[in-house]
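Visitor: This is a predicted model, with the sequence first.
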Amino acid sequence: MHKVVITDYLAPPADLEEKELEGLATVHCLQARSNAELRGKLRDAAAIIVFHEITLPADLIAEADCCRLIIRCGVGFDAVDIQAAGARGIPVCNVPDYGVDEVADHAIGLMLACNRGLLRVERAVRPTLEPWDKRAVGSVPRLAGQTLGIVGLGRIGTATALRAQAFKMRVLACDPYLRSGMEKALGVQRVDLPTLLAESDVVSLHVPLTDETRGLIGAAALTRMKPTALLINTARGAVVDVDALAEALRAGRLAGAGIDVLPGEPPAADLPLIKLWQGHNGKLVNLIITPHTAFYSDQGMEEMRLKAAQEIRRALQGESLRNCVNSEYLEPRNRAAG
């Protein structure tokens, strides 16, 4: 009987995983909150499931002597050293297709809330009930006819674009890896990043975290955006320089932001963006932060866990994997499994 380890986040019983792997593997939930808590606990694991509360660097992967698969239970896989895993002949997979609707809905929800000033107004009026009229919200631009710029037109970016079109928005997209002609099929306009930043009333990020995208939206990029624009990030926290974002919001060089992901989670209490969000300067800015919940729905969580377990079953039974993300780092003899 194989052993499958779930490193973090999920508390026992892992009923979905146990049912899918019944007769093939036992499932153990470690509930680690730090990498140190995993030391010595991965040696006999045939497969490792990683959620998002820990990382899996090279030194921990080196302890996984029996491992035949690491699966990131989610879309992003930057928390796993995929090159180190490949060097040890371990495929790394993700679950790229489970929460498309949830994240797209969340991105649109943040956009709508920032555009209408919903939370800022609600917070301001609640203590005194005044002013109980349109003065509370100030300037609200009509959303129809505005331009949404989507950075990264993959599954979630595409779903977001289609939703925005239903709101009668013009959609721009920047994605250097998009196949030619896809923008025509989707009815969006393909542009480079500087053009997207300059022309968009709302910029929504839907890219993975890579060396290319880390810090993509920094001080220079924020300067290119309209002072009336909104920034939405449901992708990866480190794609945005959050200190530069805090300064742009504080200085009024950006009209608002909706953020679901931060570079470090949970964030430090002294992070400038968090202090701004909490109103430490006495001013309510148009900033909404949600605690990395864009991916979540009851059904989406079940789908993600089930698909991860199904990938493990394929690996343990010697079948082809569907979502291997480190094929380029695997030895030639291992590539057939990916």
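Guide: Yes, it's here.
Visitor: Test my guess that Q165 contacts V171.
Guide: Yes: Q165 lies in contact with V171 (CB atoms under 8 Å); the separation is 6.2 Å. Every C-beta, even on glycine, is put in place using the N, C-alpha and C of the backbone.
Visitor: So the residue nearest to R33 when sequence neighbours are not counted versus R170, what's the distance?
Guide: Once flanking residues are discounted, R33 sits nearest to E53: 6.0 Å by CB to CB, 6 or more residues apart in numbering. Computed as CB to CB, to the nearest Å, the E53 to R170 distance reads 39 Å.
Visitor: where along the stretch 51-200 of the chain do the helices fall?
Guide: 58-61, 82-87, 100-116, 118-125, 155-166, 182-186, 193-199 (DSSP state H, counting those that start in this stretch).
Visitor: quick one on the thing from earlier: neighbour count winner among Q165 and V171?
Guide: Neighbours were counted for Q165 and for V171 using other CB atoms under 10 Å; V171 has more, 24 against 15.
Visitor: From L148, how far out is that one?
Guide: Counting by CB to CB, the gap from V171 to L148 is 5 Å.
Visitor: what touches both of Q165 and V171?
Guide: Taking CB atoms under 8 Å, 6 or more residues apart in numbering as the contact criterion, the common neighbours of Q165 and V171 are G187.
Visitor: In the chain, where's the longest helix?
Guide: Looking across the chain with DSSP state H, the single longest helix is helix 298-316.
Visitor: Could I have the CA atoms of it written out in PDB?
Guide: Extracted C-alpha coordinates of helix 298-316, given in PDB (Å, rounded to 0.1, in the frame of the first residue of the first chain):
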ATOM      1  CA  ASP A 298     -17.600  24.400  -2.100                       C
ATOM      2  CA  GLN A 299     -17.900  22.700  -5.400                       C
ATOM      3  CA  GLY A 300     -14.600  24.100  -6.700                       C
ATOM      4  CA  MET A 301     -12.700  22.800  -3.700                       C
ATOM      5  CA  GLU A 302     -14.100  19.400  -4.200                       C
ATOM      6  CA  GLU A 303     -13.300  19.500  -7.900                       C
ATOM      7  CA  MET A 304      -9.700  20.500  -7.100                       C
ATOM      8  CA  ARG A 305      -9.100  17.800  -4.500                       C
ATOM      9  CA  LEU A 306     -10.700  15.100  -6.700                       C
ATOM     10  CA  LYS A 307      -8.600  16.000  -9.700                       C
ATOM     11  CA  ALA A 308      -5.500  16.000  -7.700                       C
ATOM     12  CA  ALA A 309      -6.300  12.500  -6.300                       C
ATOM     13  CA  GLN A 310      -7.100  11.300  -9.800                       C
ATOM     14  CA  GLU A 311      -3.700  12.500 -11.000                       C
ATOM     15  CA  ILE A 312      -2.000  10.600  -8.100                       C
ATOM     16  CA  ARG A 313      -3.900   7.400  -9.100                       C
ATOM     17  CA  ARG A 314      -2.600   7.700 -12.600                       C
ATOM     18  CA  ALA A 315       0.900   8.200 -11.400                       C
ATOM     19  CA  LEU A 316       0.800   5.200  -9.000                       C
END
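Visitor: Setting aside sequence neighbours, what's the nearest residue to E328?
Guide: E328 sits nearest to G86 (CB to CB, 6+ apart), 7.4 Å away.
Visitor: Pretty sure that neighbour sits against C324.
Guide: No: applying CB under 8 Å as the test, G86 and C324 come out as separate, 9.6 Å apart.
Visitor: Which neighbours do the two have in common?
Guide: With CB under 8 Å, 6+ apart as the test, G86 and C324 both reach 92, 330.
Visitor: which one is G40 nearest to, not counting chain neighbours?
Guide: E63 (7.0 Å).
Visitor: May I have the predicted confidence score for that neighbour?
Guide: Each residue has a pLDDT score; the one for E63 is 96.
Visitor: same check, this time on the one 3 residues further on
Guide: For C66, the model assigns a pLDDT of 95.
Visitor: cool, and A124?
Guide: 88.
Visitor: before we move on, back to that, burial of the residue nearest to R33, as a residue count?
Guide: The burial count for E53: 16, using other CB under 10 Å.
Visitor: weakest of the helices of the stretch 51-200 of the chain in terms of mean pLDDT?
Guide: Among those, helix 118-125 scores lowest, with a mean of 91.
Visitor: Tell me what angle that one forms with helix 100-116.
Guide: Note on geometry: by axes from the mean of the first three to the mean of the last three CA atoms, to 10 degrees, helix 118-125 and helix 100-116 are set 50 degrees apart in direction.
Visitor: Which positions within helix 118-125 qualify as buried?
Guide: 119-121, 124 (16 or more other CB atoms under 10 Å).
Visitor: Same check on stretch 25-40?
Guide: 25, 27-30, 32, 38.
Visitor: now swap in stretch 215-229 and tell me
Guide: Those would be 216-218, 221-222, 224-226, 229, for stretch 215-229 by 16+ other CB under 10 Å.
Visitor: repeat for stretch 274-286
Guide: 274, 276-277, 285-286.
Visitor: One more: stretch 124-140?
Guide: A124.
Visitor: With stretch 172-184 instead?
Guide: 172-175, 178, 183.
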